[in-house]
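Asker: what shape does this take:
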Amino acid sequence: MCIPAVAIGIATGLLSAVQSIAGYQAQSEAAKASERAYQEQRNLNQEAANRAYQQTQLKMKGELEQASQQAEQGLVRRLQAQGTTLAAGRSGQSVGGLLTDAERVEGKDLGALGMNLAYAQQDYFFGMENIYQQQKSANVSAASQRIAKPSGAGLALGLAGSALSGYSTYSSLKAPSAGGGTPPPPPAPKPKG
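Answerer: Numbers count the residues shown, from 1 in each chain. Modelled structure (predicted):
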């Protein structure tokens, strides 16, 4: 009888379908876990970039404060030099030269401070760009580790394959029909007589 063949075919198809569904669910869970890990890594990358931005900004702030203090010290030195010159009681053109010399020294010091600040600012901008590029690269690296969600079409194909597998099993187990598949011709009428 072909009942056992039908039962085995159905069982094979169902088992294959269950495996397809389980595989789809496992892939879905892996994709969800992968997405959570990716988002967490992006958050960590953002936090690291924020800390690096803050450090770079603090360094620039320190450079500005130091330059400001040096400029004030230069002003104090100039005023002290000019005050000393005027307090000495000198007169004539040499006094003007001494006063101008103190201004020249202060101007030279301010020029050096300006150059140092320009280099510090350039370093600041390069540092900020480098932090951004590192974060971007880390995000791309994290994105490349993600697992894609399985498609519904893939599940449908798996289920269709399961049905074909069940039918194939049934076909290979069913008993061949008697007589080679063509019915015998009807008997010839008998003569009366």
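Asker: where in the chain is pLDDT low?
Answerer: Within the chain, the set of residues satisfying pLDDT under 70 comprises 1-3, 5, 170, 175-186, 193.
Asker: any idea which helix is longest in it?
Answerer: Ordering each helix of the chain by length in residues (DSSP state H) puts helix 3-87 first.
Asker: chain center to the helix or strand that it is followed by: distance?
Answerer: Downstream of helix 3-87, the first helix or strand assigned by DSSP states H and E is helix 93-144. Counting by CA atoms, centre = their mean, to the nearest Å, helix 93-144 is centred 33 Å from the centre of its parent chain.
Asker: so which elements touch helix 93-144?
Answerer: The criterion is 3 or more CB pairs under 8 Å, 6 or more residues apart in numbering; DSSP states H and E, and the helices and strands that helix 93-144 contacts are helix 3-87. For glycine as for every other residue, the C-beta is placed from the backbone atoms N, C-alpha and C.
Asker: what's the angle between the helix it packs on and helix 93-144?
Answerer: With axes from the mean of the first three to the mean of the last three CA atoms, to 10 degrees as the criterion, the two stretches helix 3-87 and helix 93-144 enclose an angle of 180 degrees.
Asker: counting contacts, what elements does helix 3-87 pack onto?
Answerer: Under the contact criterion of 3+ CB pairs under 8 Å, 6+ apart, the helices and strands touching helix 3-87 comprise helix 93-144, helix 152-173.
Asker: center of the chain - which residue?
Answerer: Taking CA atoms, centre = their mean as the criterion, N139 is the residue nearest the geometric centre of the chain, at 2.0 Å.
Asker: E29: how many residues sit nearby?
Answerer: 11 (other CB atoms under 10 Å).
Asker: quick one on the thing from earlier: let me have the helices and strands packed on helix 3-87 in a markdown table, extended by distance to R78.
Answerer: A markdown table is the format used below for those (distance: least, CB to CB, whole Å):
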| stretch | distance to R78 |
| --- | --- |
| helix 93-144 | 4 |
| helix 152-173 | 80 |
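Asker: for P150, which three-state class applies?
Answerer: Going by DSSP: H, G, I helix; E, B strand; the rest coil, the secondary structure assigned to P150 is coil.
Asker: returning to what we had before: quick one, what contacts the residue nearest to the centre of the chain?
Answerer: N139 sits next to 41-42, 45 when contact means CB atoms under 8 Å, 6 or more residues apart in numbering.
Asker: one more time with 10 Å, if that's ok
Answerer: 38, 41-42, 45-46, 49 (CB atoms under 10 Å, 6 or more residues apart in numbering).
Asker: check the gap between it and Q145 for me.
Answerer: Remark: distance between N139 and Q145 (CB to CB, to the nearest Å) = 11 Å.
Asker: from S20, how far out is A11?
Answerer: The value you get for A11 to S20, if CB to CB is used, is 15 Å.
Asker: higher neighbour count, these two?
Answerer: S20 (19 against 13).
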